[in-house]
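K.L.:
Okay, here's the prediction I keep looking at, along with the sequence it came from:
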Amino acid sequence: MRGLAALLAAAAVAACGGSPAPPANGGAAPPARGGQVIASVRTEPQSFSWYTQHDGTTDLVTFLTQARLVRVDRTTGEVEAWLAESWTRSNDGLKYTIKLRPNVTFADGHPFTADDVVFSFAAAYAPNGGGPVMGGDMMVGGKPLVVTATDPATVVITFPLPFAPGLRLLDNLPMLPKHRLEAALKAGTFANAWGLSTPVSEITGLGPYVLTEYLPGQRMIFSRNDRYFRKDADGTALPHLDRVIVEIVPDQNGQLLRMETVQTDMMSSEARPEDYASLKRAADAGRLQLLDLGGALDPDSFWINLKPGAFAGDPRASWLQSEELRKAISLGVNRKTFADTVYLGAGVPVWGPITPANKKWYSPDLPQTPHDPAQARRLLASAGLTDRNGDGMLEDSSGRPARFTITTQKGQTAVERGAQVIRDELKAIGLAVDIAALEGNTAVRSFMTGTYEAGYFHVGMTDTDPGLQLEYWLSGGGFHIWDLGQKAAATPWEKEIDGLMAKQTATFDEAERKKIFDDVQKIFAEHLPVINFAAPRIFVPASSRVTGLKPAVLRPQLLWSPDTLAVRQ
Amino acid sequence: MISYLFRRLLFALFLVFTVSSASLLIVELAPGDYVTGSLGLQATPAEVAALRARYGLDRPLATQYFDWLSRAARFDFGQSLANGRPVAELISAAAVNTAMLAVTALLLATLVGLPLGVFSGTHRGGVLTATIRASSVFLLSMPPLLTSLFLVFLAARTGWFPIGGMNAIGGGFVDRLHHMVVPVLALALPLSALFERLQAQATSEVVTQPFVLATFARGVPRSRVIWRDALKVALKPIASIYGLVVGTLLSGSFAVEVITTWPGLGSLMLNALRARDVYLVAGCAAAGSIFLAAGTLASDVALAYVDPRARE
């Protein structure tokens, strides 16, 4: 499921009755109206429709031009009423009755009604619509939500089963204009309806900006939507800016250089660790503000291919898939060294996929494996790996070297450094590691087909609420990376996690949910199907003239809330 | 001559067909495809299968290839998977941008490289000749990536030129020229160094030939002999590679276009390769090979014209 910073308080979502839209600037002095901000992205959008493409730049376009019924505030984790004005939940937790905000119109002046909501859900699930890309995102227990309009300002959304994250799920669903896209959906051309060759005048939305110009390979220009529904705390119509310009700069060094020289005001993603020093100098010179957003929510992950039969006929099978090996690796890697080397000092050691940045769901009571090479060697010996020829490296009982290959992604400097540190650290406990750095989608293909030995990859946790991460936690999940495509839980502990996660998402008692998820993390830490070593600190630069920023850890860190942005005149 | 031209034309067609087919097949055969890259690890097998079916990537490789081939024969190169736009439209837009750089860079390189080559080829010794030669060797040994990075760095630090992009918002012709400075220099500097070295070598050989010495002996002014008589003969090495250079430049430079954010064929091809956008890769390869084939053909024709033995 797609990741939005669902941080805290599913309770707030489930609460009977929504909250009014929060003031946009927290009551500070009103920002100046007008001006423009220039941001940079590295890739072109693949579409102007989030329903058909889920790449980062399409996501950014969606934040700028579209709006949802509810929005997860990425800085607090709270669910905010957005196009929805309020809602109530039925006693059985299945039915939500949502009252829409009145007098909202699309950028082209057409009124927004409950029909648009029903249409958006229909488009999301339609096989010839958004189905292949976002249908799965909007399923609960493998079934779609049922949406009906009771009057032009009210919709009823029925979940197939009690689902604790509730309306948080809707943060993933921008509302579409039925009057513009209904014909395309009926004709089966929805997938191309808002493609890159679509004239920008045909694209409309409920977001703060309207796409007014697209120059392929160069830039997109978004102009102020004068019909945008939100107002500032003092009643000033949002957004503040007249324009947001998104420059397409494929080269990351070029992106950095433009940032340093303030030819752009912000980037769509965080700075690389190696860019920190030069950005800091620009910040010290007063040209930039360098925002420290704290630790990342999703650490890079190491795992062994645990698919049964993955090493059939391979004499290494007995130890490669053993728990002892995984525990030894966890003990053998010095996490402090790892964080310092991989993230150049701007990283924090972690012991599981849920990092301290995920304040709501992080479990501080989990055991923190120390760096203990001697204990690692003892564990490996118990798996039959000892140094039989005195060369310092381990061999199995037949004298074959204990050697395996880590598949990782080429071109991601931190990931490549991470794989190298793992190799060096494991050498110290006698394990020989080769690194196969592959181009991104070749690596993904290897993981999906199970044709790899071990993986080290950025596994993006797409939502902080574990209820929206079931594909990762459940044995049958499509994102259960260490053993994809299980028909039934392959191990007793995975079966136990399946049961706990089913309970965790079915209860609306937040304390109970937390307790259950702590247990899940404990089981996970005991069996270590995925080993996490460190999470980077996230630094985001912005030019000094930009105000109204609401920085969040998840991408796009500064542009997820574009309506409050302003510039000093 | 006509049969020679016909043979070269056939070879050019074969080159275009082979390069574009090979690039399509290689991209198809490599592990992973546009869908795996686009959806990432998070995608379920059902989502992957549905999207593959949408793009026709679930069909057998031979079917995909012959379908593409039959359309390509009618100059329909299909649609880009990544952005749904016709490949021909994307390529023609990018080719115009690349041509803008290529032609300007070639003109600059010719106007600078040739005279310098003639000068250094006829002035043995001296500080100026040594400086020209050293500069050329230095520029030739610099990979285009480094030259581009250096120029972009210089532009950023001095603020003299834009560090990327093709034009500012609302910018006109002058603004476009301003944006062209860095990428044109990145392309033209090594090229002018190449021309200088070739021309210097050729000129230094020609000026020692009997017909030139005889002309000098008759009292014809030195500059006239060199620029009028010797140059004609000394141009032969450059004439033989000129077409190839044109073809290579028009095919787009990955390094220069990516570093300077110039939306040309090189950038387009690189993005297509990254995204595994198979039809766009094949289209870019076809366009590149067409330019290369045209350049080679022009070179061959030029060479055949000045040296009839080349027609054999």
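P.N.:
Cool, got the structure.
K.L.:
so what does the longest helix anywhere in chain B touch, helix or strand wise?
P.N.:
Selection of the longest helix in chain B by residue count, based on DSSP state H, yields helix B:87-122. For helix B:87-122, the elements it packs on are helix B:127-141, helix B:173-206, helix B:231-234, helix B:236-250, helix B:254-259, helix B:265-275, helix B:278-306, judged by 3 or more Cβ pairs under 8 Å, 6 or more residues apart in numbering or on different chains; DSSP states H and E. Just so you know, the C-beta spots here come from the backbone N, C-alpha and C atoms, and that holds for glycine as well.
K.L.:
Can you give me the buried ones in the third one?
P.N.:
Using 16 or more other Cβ atoms under 10 Å in any protein chain shown as the burial criterion, the residues of helix B:231-234 that qualify are B:Leu231, B:Val233, B:Ala234.
K.L.:
can you list the weak-confidence ranges in the stretch 1-150 of chain B?
P.N.:
Counting by pLDDT under 70, the stretch 1-150 of chain B has low-confidence residues at B:1, B:40-42.
K.L.:
Show me what from it comes close to chain A.
P.N.:
B:30-34, B:36-48, B:50-51, B:54, B:82-86, B:89-90, B:93-94, B:97, B:149 (Cβ under 8 Å from any Cβ of the partner chain).
K.L.:
Residue in the stretch 1-150 of chain A with the shortest distance to chain B?
P.N.:
Nearest residue of the stretch 1-150 of chain A to chain B, counting by Cβ to the nearest Cβ: A:Pro132, 3.4 Å away.
K.L.:
Determine the three-state secondary structure at that residue.
P.N.:
helix (DSSP: H, G, I helix; E, B strand; the rest coil).
K.L.:
Just give me the neighbour total for the closest residue to it other than its chain neighbours.
P.N.:
With sequence-adjacent residues excluded and distances taken as Cβ to Cβ, 6 or more residues apart in numbering or on different chains, A:Pro132 is closest to B:Ala50, at 3.4 Å. B:Ala50 has 20 neighbouring residues, counting by other Cβ atoms under 10 Å in any protein chain shown.
K.L.:
now swap in the one 5 residues further on and tell me
P.N.:
Neighbours of B:Tyr55 under the rule other Cβ under 10 Å: 20.
K.L.:
tell me the SS of the residue of the stretch 101-250 of chain A found nearest chain B?
P.N.:
Proximity of the stretch 101-250 of chain A to chain B (Cβ to the nearest Cβ) peaks at A:Gly217, 2.8 Å away. What three-state DSSP gives for A:Gly217 is coil.
K.L.:
And for A:Leu176?
P.N.:
coil.
K.L.:
Tell me the pLDDT of the nearest residue to it once chain neighbours are set aside.
P.N.:
Residue nearest to A:Leu176 in three dimensions, not counting chain neighbours: A:Ser120, with 4.6 Å by Cβ to Cβ, 6+ apart. A:Ser120 is assigned a pLDDT of 97 by the prediction.
K.L.:
what's around A:Ser120, how many residues?
P.N.:
Neighbour tally, A:Ser120, other Cβ under 10 Å: 25.
K.L.:
low pLDDT regions in the stretch 401-550 of chain A?
P.N.:
Applying pLDDT under 70 to the stretch 401-550 of chain A flags residues A:461-462.
K.L.:
So which bits of it are right by chain B?
P.N.:
A:439-448, A:457, A:459-460, A:462, A:471, A:478-479, A:481, A:485.
K.L.:
check contacts around the residue of the stretch 201-312 of chain B found nearest chain A.
P.N.:
Residue nearest to chain A within the stretch 201-312 of chain B: B:Pro263 (2.8 Å; Cβ to the nearest Cβ). Neighbouring residues of B:Pro263 by Cβ atoms under 8 Å, 6 or more residues apart in numbering or on different chains: A:Leu215, A:Pro216, A:Gly217, A:Gln218, B:Ala93, B:Ala94, B:Asn97, B:Met166, B:Glu257.
K.L.:
Scan these and report the most crowded one.
P.N.:
B:Glu257 leads the contacts of B:Pro263 on contacts (other Cβ under 10 Å) with 29 neighbours.
K.L.:
That one: what's its closest spatial neighbour, skipping adjacent residues?
P.N.:
Here the residue nearest B:Glu257, using Cβ to Cβ, 6+ apart, is B:Gly266, at 3.9 Å.
K.L.:
Tell me who's in contact with that neighbour.
P.N.:
B:Thr98, B:Ser251, B:Gly252, B:Ser253, B:Phe254, B:Ala255, B:Val256, B:Glu257, B:Val258.
K.L.:
All set, thanks.
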